[in-house]
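S.K.: here is a sequence together with a model predicted from it:
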Amino acid sequence: MFTKLEAENALSQARAEAERRIARPSLPLLTNFSRSYATYQEARRHLPSGASSNIRVHGHDPFPILFKNGLGSRVRDLDENEYVDLLIAYGALILGHAHPAIVSAVTDQLQNGSMLGTTTELEVEVAKKVQSMVPSAEMVSFSNTGTEATMEAVRVARAFTGREKLLKFEGHYHGHHDYVLFSVESPSVVAGLEQTPSKLPFYPGIPEEIAKTVVIAKWNDTTALEKVVRRNAGDLAAIIMEPVLGSSGVILPDEDYLQSVREIADKYDVLLIFDEVLTGFRLAPGGAQEFYGVKPDLSCFAKALGGGAPIAAVTGRGDVMGMIGPGRIGYGGTYNGNSMCLAAAKATLRELTRNDDEAFRHMHIIGARIMEGLRELMERYDHEGIVQGLGPMFQVFFTKESKITGYRQTLNVNIERFKTFRNLMLQRGVYFHPDGMERIMISAAHDELDVERVLAAAEESLRELPRAH
Ligand SMILES: Cc1ncc(COP(=O)(O)O)c(C=O)c1O
């Protein structure tokens with residue numbers, strides 16, 4: 001069984017190791033990105049903004065690098081440049097690219113039917129595996145994306161409580177349905193007071209009537225939360241949150257914060273939804289709820305669950321989930337619980353839990369080495385900044401702060417410096433997203449060689465990166 005203590009030990013060991021500064025080899029610079037450029041220009045003529053998801057082009061200046069294939073922890077772009085992949089498809093590839101267990105499970109399943117359109121034995125088997133891993137999962141309901149999972153969870157919470165309002169936190173992202181697309185980003189000029197954040201639609205096109213059902217609060221602040229909950233008690237169906245905030249860089253909950261939120265939810269009789277789309281099957285076998293020992297009423301999973309196949313799940317209390325069904329709470333989807341994705345999920349969860357959860361131990365150790373190595377290099381090359389998070393997901397912030405505990409502090413992070421650092425790393429064969437509000441993520445496929453490659457690239461990049469002063 002993997003424990004939080006092991007994660008803490010991984011970090012302190014990595015810290016001690018990082019102090020032993022070692023000489024690293026210099027890396028050849030990647031210089032040819034011509035096919036990526038040409039294909040992106042062509043894509044812009046056929047796909048809006050040249051991509052099927054905005055985040056794939058957002059922040060990518062001057063143009064996005066386009067990938068051709070991937071294996072394990074490495075990806076190759078259209079110009080045959082190879083990178084250590086620290087984006088891992090936004091966290092989905094928890095076992096790395098083209099893991100043989102997933103390839104073989106999906107191939108076998110395709111030969112027996114990609115989807116059967118009924119409940120299957122495989123579906124029951126994967127549900128049982130999820131229940132055995134996730135502490136609060138008394139029942140499991142499958143869908144295909146994180147967006148669908150949070151959308152269903154919110155509706156289930158509203159139907160179960162008979163109330164309309166949803167409380168979400170500033171800086172948290174729960175997918176691209178209208179219920180939750182408020183105050184995902186809050187630029188300073190319009191953000192309002194930190195204790196009482198303004199409610200800002202993330203995109204145009206979201207009806208004002210929906211905005212009336214959403215309440216925004218400051219995260220990681222129990223007093224601020226209780227005030228908002230008290231003010232809305234009676235109308236509030238649920239509180240939804242990322243238990244570790246991974247959509248504003250990576251911000252950890254303060255000691256006991258999650259427990260306090262649990263108590264506030266109980267006191268005011270409101271459901272608590274953990275969006276574990278990023279943290280699930282990543283921080284620990286049972287996600288952040290296991291890692292921090294706090295049980296939500298409902299949870300949402302996607303990304304790592306399928307190891308790259310589009311599968312998601314809503315899990316939670318038996319009495320709440322048990323209300324889903326014909327004539328009660330609606331839940332649907334042609335592709336829900338399709339056999340192809342379930343086969344990928346079964347293989348992924350089996351590999352993750354093999355040898356007493358070894359993959360989680362491994363991700364924490366490898367990630368901690370990169371985190372602590374980066375921290376030491378930032379200091380050595382005199383850059384103002386911090387590296388924070390946990391081994392499997394963390395972020396570098398170029399900031400004067402010694403710790404970031406809330407969304408508003410991220411507004412003063414030097415995003416341009418991060419972008420320059422990222423582009424220097426890219427030229428040295430390390431790939432992550434240029435927007436510092438995304439994350440660096442580690443898969444079970446990353447190894448010691450990757451640690452050395454990333455730190456060698458970081459050493460040269462941080463040496464070259466101009467100082468803030
Ligand atoms: C925390 C969180 N919730 C929900 C989602 C939405 O998931 P999907 O993109 O699969 O719809 C994401 C996606 O990045 C996420 O990070």
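M.R.: Great, that's in hand.
S.K.: what residues does the stretch 301-450 of the chain put near the ligand?
M.R.: residue 302 (C-beta under 6 Å from any ligand atom). For glycine as for every other residue, the C-beta is placed from the backbone atoms N, C-alpha and C.
S.K.: cutoff 8 Å now
M.R.: 302, 303, 310, 312 (C-beta under 8 Å from any ligand atom).
S.K.: report how many residues lie close to the first one.
M.R.: Just to be clear, that refers to residue 302. 27 (other C-beta atoms under 10 Å).
S.K.: who are the neighbours in contact with the residue of the stretch 251-400 of the chain found nearest the ligand?
M.R.: Closest contact between the stretch 251-400 of the chain and the ligand, by C-beta to the nearest ligand atom, is at residue 277 (3.5 Å). By C-beta atoms under 8 Å, 6 or more residues apart in numbering, residue 277 lies in contact with 146, 149, 150, 174, 175, 242, 300, 301, 302, 303, 312.
S.K.: so, low pLDDT: which residues of the chain?
M.R.: 469 (pLDDT under 70).
S.K.: domain map for it?
M.R.: Domain assignment for the chain, taken from automatic domain parsing, gives 4-98+355-464, 100-349.
S.K.: what sits against residue 296?
M.R.: Per C-beta under 8 Å, 6+ apart, neighbours of residue 296: 136, 243, 262, 272, 273, 274, 289, 316.
S.K.: now do the contacts for the nearest residue to it once chain neighbours are set aside.
M.R.: Once flanking residues are discounted, residue 296 sits nearest to residue 274: 4.0 Å by C-beta to C-beta, 6 or more residues apart in numbering. By C-beta under 8 Å, 6+ apart, the residues touching residue 274 are 241, 242, 243, 287, 288, 289, 296, 298, 299, 300.
S.K.: for residue 325, state which of those residues is nearest.
M.R.: Of all the contacts of residue 274, residue 298 has the smallest distance to residue 325: 15.9 Å, by C-beta to C-beta.
S.K.: for that closest one, which non-adjacent residue is closest in space?
M.R.: Per C-beta to C-beta, 6+ apart, closest to residue 298 is residue 316, 3.7 Å.
S.K.: residues in contact with that neighbour?
M.R.: 136, 137, 138, 139, 153, 296, 297, 298, 299.
S.K.: from those residues, pick the one nearest residue 408.
M.R.: The nearest one, if we look at the contacts of residue 316 relative to residue 408 and count by C-beta to C-beta, is residue 296, at 24.8 Å.
S.K.: measure that closest one to residue 375 for me?
M.R.: 31 Å (C-beta to C-beta, to the nearest Å).
S.K.: what helix or strand is residue 435 on?
M.R.: Per DSSP states H and E: residue 435 is located in neither a helix nor a strand.
S.K.: list the contacts for it?
M.R.: Contacts of residue 435 (C-beta under 8 Å, 6+ apart): 55, 58, 59, 415, 419.
S.K.: so which of those residues are in helices?
M.R.: Residues of the contacts of residue 435 located in helices (DSSP state H): 415, 419.
S.K.: possible to save the contacts of residue 435 as JSON lines with neighbour count?
M.R.: JSON lines is the format used below for the contacts of residue 435 (neighbours: other C-beta atoms under 10 Å):
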{"residue": "55", "neighbour count": "13"}
{"residue": "58", "neighbour count": "15"}
{"residue": "59", "neighbour count": "16"}
{"residue": "415", "neighbour count": "17"}
{"residue": "419", "neighbour count": "18"}
